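>>> here is a sequence with its predicted model. Questions after.
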Amino acid sequence: MKATTLHGDRYRAMITNFFIPELNNHDVQELWFQQDGATCHTARATIDLLKDTFGDRLILRFGPVNWPPRSCDLTPLDYFLWGYVKSLVYVDKPQTLDHLEDNIRRVIADIRPQMLEKVIENWTSRLDYIRSSRGSPMPEIIFKM
């Protein structure tokens with residue numbers, strides 16, 4: 001499988017051609033969207049595109065709800081989702097893009113509400129720690145399932 005660099009134009013095309021059409025198949029009127037501070041995510045054209053879809057329900061660097069850069073201790077996408085998904089997506093060593101996409105779809109679809117409830121409980125524990133330590137980095141991994 002050939003590696004591909006994700007740049008702003010390619011990212012916006014993914015949002016326009018795949019993500020938004022998929023959202024339109026579901027009732028997501030109250031959905032909030034969060035992403036990290038990667039350059040392709042923070043480009044003005046990307047933020048404008050996302051604002052058209054989500055309005056003020058955006059959590060991202062330079063967005064309506066500003067999320068600080070390098071805040072992996074507080075971002076469930078970083079401290080949970082990507083590692084969890086990656087650990088399962090590559091178990092059978094996908095050799096084609098279609099196989100990889102199928103695995104990603106399957107793993108995401110298999111995430112249950114109970115697991116997300118645990119992630120949110122963990123997130124609130126992280127917020128409590130950050131608040132009480134006045135913003136210092138977390139000294140150890142805090143994640144209990």
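Thanks, I have it.
>>> and the lowest-mean-pLDDT helix or strand in the chain, what does it pack against?
Every helix and strand of the chain was ranked by mean pLDDT, DSSP states H and E. The lowest is helix 39-42, at a mean of 76. Under the contact definition 3 or more C-beta pairs under 8 Å, 6 or more residues apart in numbering; DSSP states H and E, helix 39-42 sits against helix 8-14. (Each C-beta comes from the backbone N, C-alpha and C, glycine too.)
>>> only the buried residues of the helix it packs on, if you could.
Residues 8, 11, 12 are the ones in helix 8-14 that count as buried (16 or more other C-beta atoms under 10 Å).
>>> likewise stretch 59-79?
Under 16+ other C-beta under 10 Å, the buried positions of stretch 59-79 are 59, 60, 61, 63, 67, 73, 75, 79.
>>> endpoint to endpoint, it covers what distance?
In stretch 59-79, first residue to last residue: 16 Å (C-alpha to C-alpha, to the nearest Å).
>>> contacts for that stretch next, please.
Outside stretch 59-79, the residues that touch it by C-beta atoms under 8 Å, 6 or more residues apart in numbering are 32-37, 41-42, 47, 50-51, 55-58, 119-120, 122-123, 126-127, 130, 137-138, 141, 143.
>>> out of the buried residues of stretch 59-79, which are inside strands?
Among the buried residues of stretch 59-79, the ones falling in strands (DSSP state E) are residue 59.
>>> which residues in this protein form helices?
With DSSP state H as the criterion, the chain has helices at 8-14, 20-23, 39-42, 44-54, 76, 82-89, 97-109, 113-132.
>>> gap between the shortest one and the chain center?
Put plainly, it is helix 76. Averaged C-alpha coordinates place helix 76 at 7 Å from its chain's average position (C-alpha atoms, centre = their mean, to the nearest Å).
>>> for the fourth one, same thing?
The offset between the C-alpha centroid of helix 44-54 and the centroid of the whole chain comes to 16 Å, using C-alpha atoms, centre = their mean.
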